[in-house]
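# sequence? don't have it. structure:
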């Protein structure tokens, strides 16, 4: 697994968890969903992803999207 796949999996997992929490606990969890989406959108244009920097510190190989 490379950084790209890890970040996409992590983003998808966070969206699904926040959607579940918005149904079970509070609709305010949808703000977290919006935050994850905004972060994915800005990383598509800038190539900068804070989560990718953290994952890289753990020694995961780079992919094509996040260097």
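Great, that's in hand. For clarity, every value in this text was computed on a predicted model and none was experimentally measured. Residues are numbered from 1 along each chain as shown.

# just after the helix or strand hosting residue 20, pick out the following helix or strand.
In this structure, residue 20 sits in helix 3-24 according to DSSP states H and E. Proceeding N to C from helix 3-24, the next assigned helix or strand is helix 30-46, under DSSP H and E.

# tell me the contacts of residue 33?
Taking Cβ atoms under 8 Å, 6 or more residues apart in numbering, we find residue 33 in contact with 15, 18, 19, 22. All C-beta spots, glycine's among them, are computed from the backbone N, C-alpha and C.

# so where is this structure shaky, pLDDT-wise?
Residue ranges of the chain with pLDDT under 70: 65-67.

# residue 39 versus the nearest residue to residue 36 once chain neighbours are set aside, what's the distance?
With Cβ to Cβ, 6 or more residues apart in numbering as the measure, residue 14 is the residue that lies nearest to residue 36, at 5.0 Å, once sequence neighbours are left out. From residue 14 across to residue 39, the span is 9 Å (Cβ to Cβ, to the nearest Å).

# go on, residue 59?
23 Å.

# neighbour count winner among these two?
Set residue 59 next to residue 39 and count neighbours by other Cβ atoms under 10 Å: residue 39 wins out with 17 against 6.

# contact partners for the most centrally placed residue in the chain?
Nearest residue to the geometric centre of the chain (Cα atoms, centre = their mean): residue 11, 3.0 Å. The neighbours of residue 11, taking Cβ under 8 Å, 6+ apart as the test, are 36, 39, 40, 51.

# residues contacting the helix or strand the last one falls within, please?
Secondary-structure assignment from DSSP H and E places residue 51 in helix 50-57. Where contact means Cβ under 8 Å, 6+ apart, the residues beyond helix 50-57 that reach it are 3, 6, 7, 10, 11, 39, 43, 62, 66.
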